[in-house]
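Chemist: My questions are about this predicted structure, shown below with the sequence.
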Amino acid sequence: METNQSWVTEFILVGFQLSSELELLLFWVFSLLYTFNLLANGIILRLIWSDPQLHTPMYFFLSHLAIIDISYASSSVPHMLRNLVYHTKNISFVSCIIQMTLCLTFASIECMILVVMSYDRYVAICHPLQYTIIMNWRRCTVLAVISWACGFSLVLIHLILFLKLPFCGLQEVNHFFCEILAVLKLSCGDTWVNTIILFAGGVFIIIGPLSLMLVSYTCILQDILKIKSKEARKKAFSTCSSHLCVVGLYFGIAMLLYLVPDDSQRQEPQKILTLFYSLFNPLLNPLIYSLRNAQVKGAFYRALGQKRVT
């Protein structure tokens, strides 16, 4: 049967309806934040890889988190900056799929890495004498591989289902990048299977890890309260509170985006929350986790000292 609908080759990213002057201002602000993200996470990676004193399980997982933060932001922000400076909104169908897949992948992997980091802190605080035995390099590598494999596997299911959907006619994505929920609304086919799988995946990748982390930190809190030394107790609280800040922000926003029933009135707030994910959350991770950490500061000063000597 013939149809008057033509298969689309590109999408239009609606983004935020702003004037050209305001778009140019946002370009400079977002460029600055993106640059800081690359610099901060790049410095953390360089220090962890080059300083032997940071070759521990905790910083091994922090290096993965830095890679994820750089990759997640880089999958959507550069194209958004291009659209802001050239005042264009178009993106090819293939580029849209790649962007959507990468954003979902790195967001899912970060959920898994955060729960692994909470397990690392649980072992370090609740079983300090057995820490080096439990968190050996083989186990750390396996946990990292499982985290990345879960993220890629989950997104592969979404991608296979997505590629079966027909898209036809003029397609305007009500977002600043190809976010999967926004793109699914444009399909001229039935998307109920995609929506159900997306919700189930959200429960698995958000609620599952969050529950495990709550269990870990409940045990950690109980053990911290038993510590007699005020200095040791303060240090333990400081390490865990920084992790909980990131966890609260990350999983809180993720639940609002993917587990709360869809509502047309929430589209603009959802775009702002996603923008926070893309620009601010990757920048907060190195600031909260690493740059206020004494060991990282020590590694930074040692690296500066070596450069001065050479």
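Modeler: Arrived safely.

Chemist: residue ranges with poor pLDDT in this protein?
Modeler: Regions of the chain meeting the criterion pLDDT under 70 cover residues 1-7, 169-170, 232, 235-236, 238-239, 262-266, 289-294, 306-310.

Chemist: Which parts of it are strands?
Modeler: Per DSSP state E, the chain has strands spanning 10-13, 90-92, 172-173. These are given in chain order.

Chemist: Quick one: residues contacting I206.
Modeler: Shown in contact with I206 (C-beta atoms under 8 Å, 6 or more residues apart in numbering): C111, F251, A254, M255, Y258, L259. Every residue, glycine included, has its C-beta placed from N, CA and C.

Chemist: again, 10 Å this time
Modeler: By C-beta atoms under 10 Å, 6 or more residues apart in numbering, the contact set of I206 is A107, S108, C111, Y250, F251, G252, A254, M255, L257, Y258, L259.

Chemist: C111: neighbouring residues, count only.
Modeler: 25 (other C-beta atoms under 10 Å).

Chemist: Next one: it relative to H243, how far apart?
Modeler: Between C111 and H243 the distance is 14 Å, computed by C-beta to C-beta, to the nearest Å.

Chemist: Check K185 too.
Modeler: Distance, K185 to H243, using C-beta to C-beta: 35 Å.

Chemist: re earlier: give me the common contacts of C111 and H243.
Modeler: Residues within reach of C111 and of H243 at once, by C-beta under 10 Å, 6+ apart, are M213.

Chemist: so what's V183 closest to, chain neighbours aside?
Modeler: By the measure of C-beta to C-beta, 6 or more residues apart in numbering, the closest residue to V183 outside its immediate chain neighbours is V173, 5.8 Å from it.

Chemist: quick one, what contacts G201?
Modeler: Contacts were defined as C-beta under 10 Å, 6+ apart; by that measure G201 touches L104, S108, L154, V155, I157, H158, Y258.

Chemist: What degree of burial does the fifth one show, as a neighbour count?
Modeler: Applying other C-beta under 10 Å, we find 14 residues neighbouring I157.

Chemist: Could you check how far the residue lying closest to it once chain neighbours are set aside is from S278?
Modeler: Excluding its sequence neighbours, the residue lying closest to I157 (C-beta to C-beta, 6+ apart) is I197, at 6.4 Å. In this structure, I197 and S278 are separated by 24 Å, where distance is defined by C-beta to C-beta.

Chemist: who has more neighbours, the two?
Modeler: Regarding I197 and S278, a neighbour count based on other C-beta under 10 Å identifies S278 as having more, with 24 against 16.

Chemist: surely that one meets H175?
Modeler: No - contact status for S278 versus H175: not in contact, 11.0 Å apart, counting by C-beta atoms under 10 Å.

Chemist: List the contacts of the nearest residue to L212 once chain neighbours are set aside.
Modeler: For L212, ignoring the flanking residues on the chain, the nearest one in space by C-beta to C-beta, 6+ apart is V115 at 5.2 Å. Under the criterion of C-beta under 10 Å, 6+ apart, the neighbours of V115 are L143, S147, I205, G208, P209, L210, S211, L212, M213, S216, V247, F251.

Chemist: let's see it at 8 Å
Modeler: Listed by C-beta under 8 Å, 6+ apart, the contact set of V115 reads P209, L210, L212, M213.

Chemist: before we move on, what about L221?
Modeler: Residues near L221 by C-beta under 8 Å, 6+ apart: C240.
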